[in-house]
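[1] sequence unknown, structure follows:
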């Protein structure tokens, strides 16, 4: 097939590579304009542009894909199909209907669930057990077109936004190649979408990462994983931003040794000095966000429901580190309160 490929971030690159390897003729790569990056403001190519240049594919970077001159530019290539994956702009009807096979979108969820901009991260944050990729015949709605093919991906217990991103990118690349093959053969049976069981997977921003310690421990742990590596979950620590990279939902400490899981008992001892926040036996008096136990490999924080053991973190000016390494450099007392109160 002659393909116009439209995409921008890393997630799109695997599909572009797969289409080239499958023998399709990618006649044009359409991607977002370059942006300045870093202190020097040097213009940074998008990942799709970098991949296109490697394969000697012409690149087009319109500011507004809906502009008439942009539409006419795309029409010149007389493509059979337009493949769209995380492009970043809404396509007009003129482009959606431009080619014989229309516009095929590769979407990182099992539609109709998680329509919207950030389906990968929200699947982790919401505690989904299974996610996947759907190829879709695009229409003028937001991820509402007819579904073509799907593939499922099971989430690991410690799945992060980053690890699921990589799994779905690979799955999406394979599914796109298969979808185009079945479109050519006429064996695809489009399926209408029903009502979504989830809200739109709204775009991520840094404010989403601020931990509300009044939430239950399991929800906070999922937030930490879902926002890893970006924008990351964080909390206030002594007036500084502490990013939390890894945590574990645990039983509340009740004695001088940790109660669960078994392998952590020898590592975690309660501090005797609880300051003004009470004692180890009176956690009900503490506000959520209070450090209730400190050990060699981490520290436990009271939440609105349950306790969270912090395993990896990052403070300003430092790289990500294990909580044990942090504690060796920055001794923390039980009774310390994290977050803004």
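    That came in fine, so what should we check first? These figures come from a predicted structure and were not determined experimentally.

[2] so where do the strands sit in the stretch 151-300 of the chain?
    Counting by DSSP state E, counting those that start in this stretch, the segments of the stretch 151-300 of the chain that form strands are 233-237, 240-250, 268-269, 291-295, 299-302.

[3] Can you mark which positions in the second one are buried?
    Under the neighbour-count criterion of 16 or more other C-beta atoms under 10 Å, strand 240-250 has 242-250 buried. Just so you know, the C-beta spots here come from the backbone N, C-alpha and C atoms, and that holds for glycine as well.

[4] circling back to that earlier point, now the strands of the stretch 151-300 of the chain as a markdown table including distance to residue 215 and mean pLDDT?
    Putting the strands of the stretch 151-300 of the chain into a markdown table (distance: least, C-beta to C-beta, whole Å; pLDDT from 0 to 100) gives the following:
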| stretch | distance to residue 215 | mean pLDDT |
| --- | --- | --- |
| strand 233-237 | 11 | 98 |
| strand 240-250 | 12 | 98 |
| strand 268-269 | 22 | 44 |
| strand 291-295 | 16 | 96 |
| strand 299-302 | 12 | 97 |
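
[5] May I see those organised as TSV, with distance to residue 310 added?
    Putting those into TSV (distance: least, C-beta to C-beta, whole Å) gives the following:
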stretch	distance to residue 310
strand 233-237	9
strand 240-250	5
strand 268-269	11
strand 291-295	9
strand 299-302	6
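
[6] Residue 338: which of those is closest?
    With C-beta to C-beta as the measure, strand 233-237 is the member of the strands of the stretch 151-300 of the chain nearest residue 338 (4.7 Å).

[7] what does the domain assignment say about this structure?
    Per automatic domain parsing, the domain ranges recorded for the chain read 2-185, 206-329.

[8] Least reliable of those by average pLDDT, please.
    Lowest mean pLDDT within those: domain 206-329, at a mean of 83.

[9] residue contacts, residue 326?
    Residues near residue 326 by C-beta atoms under 8 Å, 6 or more residues apart in numbering: 313, 315.

[10] where do the strands sit along the stretch 1-150 of the chain?
    2-7, 25-30, 35-37, 42-44, 59-60, 81-85, 103-107, 130-137, 146-154.

[11] What is the burial count for the nearest residue to residue 33 once chain neighbours are set aside?
    Taking C-beta to C-beta, 6 or more residues apart in numbering, and ignoring the residues beside it in sequence, residue 33 has residue 61 as its nearest neighbour in space, at 4.7 Å. The number of residues packed near residue 61 is 16, by other C-beta atoms under 10 Å.

[12] Residue 61: what's it in contact with?
    Contact partners of residue 61, counting by C-beta under 8 Å, 6+ apart, are 30-34, 46, 49.

[13] Between the two ends of stretch 97-111, how far is it?
    From the first residue to the last, stretch 97-111 extends over 22 Å; the measure is C-alpha to C-alpha, to the nearest Å.

[14] Buried residues in that stretch, which are they?
    For stretch 97-111, a neighbour-count test (16+ other C-beta under 10 Å) marks 98-99, 101-111 as buried.

[15] for stretch 295-303, same thing?
    Neighbour-count burial for stretch 295-303, counted by 16+ other C-beta under 10 Å, picks out 295, 297-303.

[16] Quote the end-to-end distance of that stretch.
    In stretch 295-303, first residue to last residue: 18 Å (C-alpha to C-alpha).

[17] Identify the farthest-apart pair in the buried residues of stretch 97-111.
    Distance extremes for the buried residues of stretch 97-111: the farthest pair is 98 and 110 at 28.0 Å, using C-beta to C-beta.

[18] Residue 25 - how many residues pack around it?
    Counted with other C-beta under 10 Å, the burial measure for residue 25 works out to 12 neighbours.

[19] same check, this time on residue 128
    Count around residue 128 with other C-beta under 10 Å applied: 21.

[20] give me every residue that touches it.
    Neighbours of residue 128 in contact, by C-beta under 8 Å, 6+ apart: residue 155.

[21] residue ranges of the helices in this protein, please?
    When assigned using DSSP state H, the helices of the chain occupy the ranges 10-21, 47-54, 68-75, 93-96, 119-125, 161-185, 217-226, 323-329.

[22] Most tightly packed of those?
    Using mean count of other C-beta atoms under 10 Å, the stretch among the helices of the chain with the largest mean neighbour count is helix 119-125, at a mean of 25.

[23] Pull the residues that contact that one.
    Contacts to helix 119-125, defined as C-beta under 8 Å, 6+ apart, come from residues 107-109, 113-114, 116, 131, 155, 159-161, 164-165, 168, 198, 201-202, 204, 222-223, 225-227.

[24] Over to stretch 187-203?
    109, 111-119, 121-122, 126, 137, 142, 144-149, 179, 182.

[25] do stretch 74-94 as well
    So stretch 74-94 is in contact with 1-9, 11-12, 15, 19, 27-28, 30-32, 60, 64-66, 71, 95, 98-106, 138, 140, 142, 172, 176, 180, 183, going by C-beta under 8 Å, 6+ apart.

[26] How about stretch 164-180?
    With C-beta under 8 Å, 6+ apart as the test, stretch 164-180 has contacts from 1, 3, 10-11, 13-15, 17-19, 22, 24, 81, 83, 85, 101, 104, 106, 108, 120, 123-124, 131-133, 135, 148-151, 153, 155, 188.
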